[in-house]
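[1] Take a look and give me a structure for this.
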Amino acid sequence: MTCPDTFSHARRLALLIFALVLLVASLMSATPVRAGDEPDLIFRRSTVFKLLSPDDKLATYGIDDPDVEGVACHFTVPEKGGFKGWLGLAEQVSDISLACRQIGPIRFKSKLAQGDDMFRQRRSLFFKKMQIVRGCDAKRNVLVYMVYSDKLIDGSPKNSTSSVPIMPWGGSDAIQKCGDFISG
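    Sure, this is the predicted structure:
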């Protein structure tokens, strides 16, 4: 007669573990790991219809470079729908596109290292993140941005690159040289 009690305890334990996993998932998906500010959602488009749960979507975001005034980037990421995506348990795919542009006079706020993170965000419950990194092509005076995703064990070779030539802005001929502000 101990079987029903054992089953009842096991069931309660399983429900408790499930509730903890949901809590951790909601906290982790609500708190992106980032180097810069939170990106602005520009728009979303559904790509796969799901009858009883959220659709799979493509989402386009905009973000200003937190360390280089006058540069903005836009990236599009797939967002998994379904119940796993809704609960924050789905691992997001690594297909990410990127475009960065000069939107004003470029001013470096501080010295930077070549390949510094400009932005980071979690792409799964554990171990996977998307990163936008920044570098300088000093010979051409061009800022270069690359987006990729990685996992603790197995990263993805999928990536996208965007270049921002540093140009005069608003009638001023004075332009900063990225090589003077990025080391390494």
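[2] list the contacts for residue 177?
    138, 141, 166 (CB atoms under 8 Å, 6 or more residues apart in numbering). Bear in mind the C-beta positions are built from the backbone N, C-alpha and C, glycine included.
[3] Roughly how far does it sit from residue 72?
    Between residue 177 and residue 72 the computed distance is 21 Å (CB to CB, to the nearest Å).
[4] which of the contacts of residue 177 lies closest to residue 183?
    Distance to residue 183 across these (CB to CB) is lowest for residue 138, with 10.5 Å.
[5] which secondary structure element contains residue 78?
    Take DSSP states H and E as the rule and residue 78 turns out to sit in strand 68-79.
[6] So what are the sheet partners of that strand and their directions?
    strand 56-64 (antiparallel), strand 97-108 (antiparallel) (DSSP bridges).
[7] Can you report how many residues lie near the residue lying closest to residue 112 once chain neighbours are set aside?
    In space, and not counting its chain neighbours, residue 112 is closest to residue 182: 4.9 Å by CB to CB, 6 or more residues apart in numbering. The tally of other residues near residue 182 (other CB atoms under 10 Å) stands at 22.
[8] same deal with residue 65?
    26.
[9] Could you pull up the residues touching it?
    Contacts of residue 65 (CB under 8 Å, 6+ apart): 36, 71-73, 100, 118, 134.
[10] State the phi and psi torsions of it.
    phi -70, psi 120 (degrees, to the nearest 10).
[11] Quick check: the gap between residue 182 and residue 143.
    Taking CB to CB, one finds residue 182 at 9 Å from residue 143.
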